[in-house]
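*Asks:* sequence and predicted structure, then a few things I'm wondering about:
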Amino acid sequence: MCVDPPSATLRRATLSDVSELAALQGRVWRETYRGLLPDDLLDAPGGQLERESAWYTVLRYAKALDAVFLLGDDTGRAVGFASAGPARESALGYPAELFTIYLLREVQSQGWGQALWQAVTGHLEERPFYLWSHAANPTTGFYERRGGRRIAERRGRWGEVTYPECAYGFSNGRAL
């Protein structure tokens, strides 16, 4: 059952959030992809610095359609994030892409994901969009419950590791 997140704070991320976003991303990736991707990738010692550099670039050079949302609990601790922007792959036929939507496992199934979903899809307004997910991601049902329809498959790459990915297509938050 999905309920409203208790005392959630949802806001646009800023450059001052880079370290927090990077740390949260590392933790969520370890929770989500442990067993799906090699441990040495998930636990890489330089991972935090690489993620900080990537988030700095995303936030520093954001354009009008780019957005990163940070979700905090009642203590102000970051528990999730979502990001979207212009489509990186024109061949899929969508003008926008939802790049990330992640929550800590401990707050899943409590309405937090829906809050992020509404923020990021609201930012995209009426633009159709797609997202890529690891095909075995245990939370792909979240996309399907929101009307996502698988529209493509590919092999993703992280370092030397490849893995199956699938794309879900949406129009105004619903499947096309």
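*Replies:* Here it is on my side, so go on. Numbering: from 1, shown residues only.
*Asks:* next SSE downstream of the helix or strand bottoming out on mean pLDDT in the chain?
*Replies:* Using mean pLDDT, DSSP states H and E, helix 39-42 stands out as the lowest-scoring helix or strand of the chain, at a mean of 86. Per DSSP states H and E, helix 39-42 leads on to helix 47-60 as the next helix or strand towards the C-terminus.
*Asks:* buried stuff in the least confident helix or strand of the chain?
*Replies:* Going by neighbour count (16 or more other C-beta atoms under 10 Å), the buried part of helix 39-42 is residue 42. Every C-beta, even on glycine, is put in place using the N, C-alpha and C of the backbone.
*Asks:* and the longest helix along the chain, C-alpha only, in PDB?
*Replies:* In the chain, assigned by DSSP state H, the helix with the most residues is helix 18-33. C-alpha atoms of helix 18-33 as PDB (Å, rounded to 0.1, in the frame of the first residue of the first chain):
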ATOM      1  CA  VAL A  18      27.000  17.100  -4.700                       C
ATOM      2  CA  SER A  19      28.600  15.100  -1.900                       C
ATOM      3  CA  GLU A  20      25.200  14.100  -0.400                       C
ATOM      4  CA  LEU A  21      23.900  13.000  -3.800                       C
ATOM      5  CA  ALA A  22      27.100  11.000  -4.500                       C
ATOM      6  CA  ALA A  23      27.000   9.200  -1.200                       C
ATOM      7  CA  LEU A  24      23.200   8.500  -1.500                       C
ATOM      8  CA  GLN A  25      23.700   7.200  -5.000                       C
ATOM      9  CA  GLY A  26      26.500   4.800  -3.900                       C
ATOM     10  CA  ARG A  27      24.400   3.500  -1.100                       C
ATOM     11  CA  VAL A  28      21.300   3.000  -3.200                       C
ATOM     12  CA  TRP A  29      23.300   1.300  -6.000                       C
ATOM     13  CA  ARG A  30      24.800  -1.100  -3.500                       C
ATOM     14  CA  GLU A  31      21.300  -1.900  -2.100                       C
ATOM     15  CA  THR A  32      19.700  -2.200  -5.500                       C
ATOM     16  CA  TYR A  33      22.400  -3.900  -7.600                       C
END
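*Asks:* average pLDDT for that helix, rounded please.
*Replies:* Taken as a whole, helix 18-33 carries a mean pLDDT of 93.
*Asks:* buried set for that helix?
*Replies:* 18, 20-22, 24-26, 28-33.
*Asks:* any low-confidence regions in this structure?
*Replies:* 1-6, 172-176 (pLDDT under 70).
*Asks:* go with 80
*Replies:* The model of the chain has pLDDT under 80 over residues 1-8, 45, 159, 172-176.
*Asks:* where do the strands of it begin and end?
*Replies:* 9-12, 67-72, 78-86, 96-103, 128-134, 149-158, 161-171 (DSSP state E).
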